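# Requesting a structural model of the entry that follows:
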Amino acid sequence: MANLQDVARAANVSKTTVSRYLNGSLELPARTAEAIDTAIRTLNYSPNPHARRLSLGRSDTIALVVPDIATPFFATFVAAVEAEADARGLSLALHATLNRPDRELKYLDHIRQGHADGLIFITNHAGSRALAEKVNSGGPCVVVDEDIAEARVPKLFCDNAEGGRLAGRRLARAGHRHVLFIGGVDQMISGARRYAGFLEGMREIAGPDVRIERSCGPYTFEAGRAAAQAFVARGPDRPTAIFATSDELTIGLYEVLREAGLSIPRDVSVVGFDDVGPLHLFAPAVTAVRQPVRDLGRRALELLLAPPPVDPERLPPEELLPVTLIERESVAPPVGQTRRNTNSED
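Residues are numbered from 1 along each chain as shown. Below is the predicted model:
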């Protein structure tokens with residue numbers, strides 16, 4: 001098999017000249033370039049892609065760090081980044097951390113040793129100073145979905161506050177004044193912003209006398225089941241509507257409510273969040289705030305590959321992608337109110 005030295009000898013030029021010509025860093029006279037091209041064809045030479053990437057100082061690989069790949073949200077996000085990377089001729093190195101801080105730090109060390117040209121990073125817990133320092137330690141990076149407060153890199157989120165407002169307005173317009181908010185914690189922007197937006201949306205329509213209870217916790221099936229079991233065990237003073245702030249929470253919630261014989265939306269109305277899983281196939285189909293997860297994946301890679309800022313000391317602004325309320329069949333007025341109140345602004 002011919003190598004770079006064979007091509008150089010056949011074209012009567014140096015090995016360095018051939019290497020620079022192939023990686024595009026050297027412009028040659030037409031006669032010399034033709035001699036190299038002829039030697040390549042004659043010898044059936046195929047450049048070593050690994051060596052070429054080393055000579056260019058890049059790997060053509062993007063690292064993607066996510067908490068897991070089992071949930072619909074993260075699986076869809078990974079697929080979107082992979083598709084966009086493939087369209088740009090890039091490879092993707094996927095790392096699933098199981099949402100463990102020690103694994104996050106380990107993968108960041110590995111990536112920063114030169115195994116990737118850039119990093120798209122998602123955590124699903126409150127960030128730490130140690131994590132921010134690793135993210136800031138060098139190389140292009142974009143933080144997506146959940147914030148790392150001290151990370152000085154571009155950040156891309158869905159508009160969590162607006163998603164909360166959309167859900168709050170919908171339930172308030174249906175006549176609900178006592179509701180349960182499930183999921184998230186204030187230490188994470190998704191939970192804090194969704195709750196703040198939800199409170200704002202409810203009060204915008206219903207005024208200040210709404211009663212909002214909150215069940216904090218992770219966005220998991222188990223947390224959805226636990227919140228639903230506590231809801232079922234209550235007496236007649238329980239909320240008339242529930243805002244479950246992830247697909248997994250909604251699925252766990254539906255499972256327990258069905259087992260308890262409670263009817264949605266007759267006994268309790270439900271609004272979900274994410275709408276990446278098959279919520280439209282539920283009985284009844286779930287009204288939900290939809291996150292544009294595929295757009296999130298595509299835009300994350302665009303931001304990562306964008307030119308660096310002119311002023312590296314200036315903190316990049318966060319970017320928000322819009323969300324949408326998808327109306328289905330899981331919301332109705334509370335028992336005792338007529339359906340004419342569904343679209344009321346009062």
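
# Identify the residue nearest the geometric centre of the chain.
D145 (4.6 Å; CA atoms, centre = their mean).

# right, and the helix or strand after the helix or strand bottoming out on mean pLDDT in the chain?
Of the helices and strands making up the chain, the lowest-confidence element is helix 49-56, at a mean of 48, by mean pLDDT, DSSP states H and E. Using DSSP states H and E, the helix or strand that follows helix 49-56 in sequence is strand 61-66.

# Quick check: can you name the pairing partners of that next one and their directions?
Strand 61-66 sits in its sheet next to strand 91-96 (parallel), strand 118-121 (parallel), going by DSSP bridges.

# Return the most buried member of the ones you listed.
Across the strands paired with strand 61-66, averaging neighbours per residue (mean count of other CB atoms under 10 Å) puts strand 118-121 on top, at a mean of 24. C-beta coordinates here come from the backbone N, C-alpha and C atoms, glycine included.

# contact partners of the following helix or strand past it?
The element immediately downstream of strand 118-121 (helix or strand, assigned by DSSP H and E) is helix 129-135. Contacts to helix 129-135, defined as CB atoms under 8 Å, 6 or more residues apart in numbering, come from residues 101, 104-105, 108-109, 112, 119, 121, 123, 141, 143, 148-151, 153.

# So which of these is the closest to M202?
Set against M202, the nearest of the contacts of helix 129-135 by CB to CB is A149 (27.6 Å).

# Now do the closest one, the pLDDT please.
Looking at A149, its pLDDT reads 88.

# thought it was touching N136?
No - A149 is not in contact with N136 according to CB atoms under 8 Å; the separation is 11.7 Å.

# picking up where we left off before, any idea how far L253 is from the residue nearest to the centre of the chain?
22 Å (CB to CB, to the nearest Å).

# what's the answer for L325, then?
Applying CB to CB to L325 and L253 gives a distance of 18 Å.

# So between the two, which is more surrounded?
Shown here are L325 and L253; by other CB atoms under 10 Å, L253 has more neighbours (29 against 17).

# Distance of the more buried one relative to S190?
Separation of L253 from S190 (CB to CB): 18 Å.

# And for L325?
Taking CB to CB, one finds L325 at 17 Å from S190.

# For burial, what's the neighbour tally of R100?
11.

# next one: the one 5 residues further on
Here the count is done by other CB under 10 Å, and L105 has 16 residues near it.

# Which elements pack onto the longest helix seen in the chain?
Ranked by residue count and defined by DSSP state H, the top helix of the chain is helix 189-206. Contact partners of helix 189-206 among helices and strands, from 3 or more CB pairs under 8 Å, 6 or more residues apart in numbering; DSSP states H and E: helix 160-173, strand 178-182, strand 211-215.

# who touches S128 in this structure?
Contacts of S128 (CB under 8 Å, 6+ apart): P101.

# quick check, distance from stretch 300-309 to the centre of its chain.
Averaging C-alpha positions (CA atoms, centre = their mean, to the nearest Å) puts stretch 300-309 16 Å from its chain's average.

# Pull out the buried positions in it.
Buried residues in stretch 300-309, counted by 16 or more other CB atoms under 10 Å: A300, L301, L303, L304, L305.

# out of these, which one sits closest to I36?
Closest to I36 out of the buried residues of stretch 300-309 is L305 (30.4 Å), distances taken as CB to CB.

# Which members of the contacts of helix 129-135 occur in helices, if any?
Using DSSP H, the contacts of helix 129-135 in helices are P101, E104, L105, L108, D109.

# Neighbours of the first one, how many?
With neighbours defined by other CB under 10 Å, the count for P101 comes to 15.

# Check which helix or strand Y254 maps to.
helix 247-259.

# by how many degrees do the very next helix or strand once past that helix and strand 178-182 diverge?
Next helix or strand after helix 247-259 toward the C-terminus (DSSP H and E): strand 269-274. With axes from the mean of the first three to the mean of the last three CA atoms, to 10 degrees applied, the angle from strand 269-274 to strand 178-182 works out at 30 degrees.

# Walk me through which strands strand 269-274 pairs with, and which way each runs.
Neighbouring strands of strand 269-274 in its sheet, by DSSP bridges, are strand 241-244 (parallel), strand 287-290 (parallel).

# Touching stretch 102-116 from outside, list them.
With contacts defined as CB under 8 Å, 6+ apart, stretch 102-116 is touched by 59, 61-63, 65, 93, 95, 97, 119, 121, 123, 130-131, 134-135, 137-139.

# Need the per-residue pLDDT for the residue nearest to K155 when sequence neighbours are not counted.
Closest residue to K155 apart from its sequence neighbours, by CB to CB, 6 or more residues apart in numbering: E318 at 4.1 Å. Predicted confidence (pLDDT) for E318: 90.

# my guess is E318 meets N160, correct?
No - E318 is beyond contact range of N160, at 11.3 Å (criterion: CB under 8 Å).
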